[in-house]
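Engineer: please find the sequence and the predicted model below.
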Amino acid sequence: MPVIDRLDEKKYGRLLAKHLPQVIDSDAEQDRLAEILLHLTLPPRELSPEETKLANLLARLIEDYEIKSRAGQVKHFTPLETLQHLVQEHGLKQADLVDVFGSQSIVSDVLNGRRRINQTHARRLSARFRLAVDLFL
């Protein structure tokens, strides 16, 4: 990779003006900048210091957008969905949760959405599954 300290600011400025990279706020803009990056780097060749700096900028912008996009896709589960997932994941039966809820009927009511998880149950579930109590409230 070329040494960046030999950067010709006028050449780099012309590259920036030609491609107008900016913080990405849409999939279309991500596609546009990814296309520019692809043309810069394929087929593999020796890049000028200015092209290297532009490629690094584009790669950073694209990576930042991908991280931001994935963060918005994280599903937030309700306390009931969290518990149902854990029951399934651990292969538990309702009888396995009587010690947490106190009775088979309360376990059934909670798992079927007829009753909410209270703070005591949430603390016990937190201890049982070693997860944050907030997941159950």
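Structural biologist: Yep, that arrived. Numbering: from 1, shown residues only.

Engineer: now for the protein, the helix or strand with the poorest mean pLDDT.
Structural biologist: Least confident helix or strand of the chain, by mean pLDDT, DSSP states H and E, is helix 49-72 with a mean of 89.

Engineer: show me what the helix or strand following that helix is packed against.
Structural biologist: The element immediately downstream of helix 49-72 (helix or strand, assigned by DSSP states H and E) is helix 79-89. On a contact count with 3 or more C-beta pairs under 8 Å, 6 or more residues apart in numbering; DSSP states H and E, helix 79-89 meets helix 104-111, helix 119-129. C-beta coordinates here come from the backbone N, C-alpha and C atoms, glycine included.

Engineer: buried set for helix 79-89?
Structural biologist: P79, L80, T82, L83, Q84, L86, V87 (16 or more other C-beta atoms under 10 Å).

Engineer: tabulate those residues (TSV), appending pLDDT and distance to D99.
Structural biologist: Formatted as TSV, these follow (pLDDT from 0 to 100; distance: C-beta to C-beta, whole Å):
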residue	pLDDT	distance to D99
P79	94	18
L80	94	19
T82	91	18
L83	94	14
Q84	93	18
L86	91	15
V87	93	14
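
Engineer: mean confidence score for stretch 31-45?
Structural biologist: For stretch 31-45, mean pLDDT is 91.

Engineer: ok, residues contacting that stretch?
Structural biologist: H19, P21, I24, L47, E51, L54, A55, L58, A59, L61, I62 (C-beta atoms under 8 Å, 6 or more residues apart in numbering).

Engineer: go again using 10 Å as the cut-off
Structural biologist: 15, 18-22, 24, 26, 47, 51-52, 54-59, 61-62, 65-66 (C-beta atoms under 10 Å, 6 or more residues apart in numbering).
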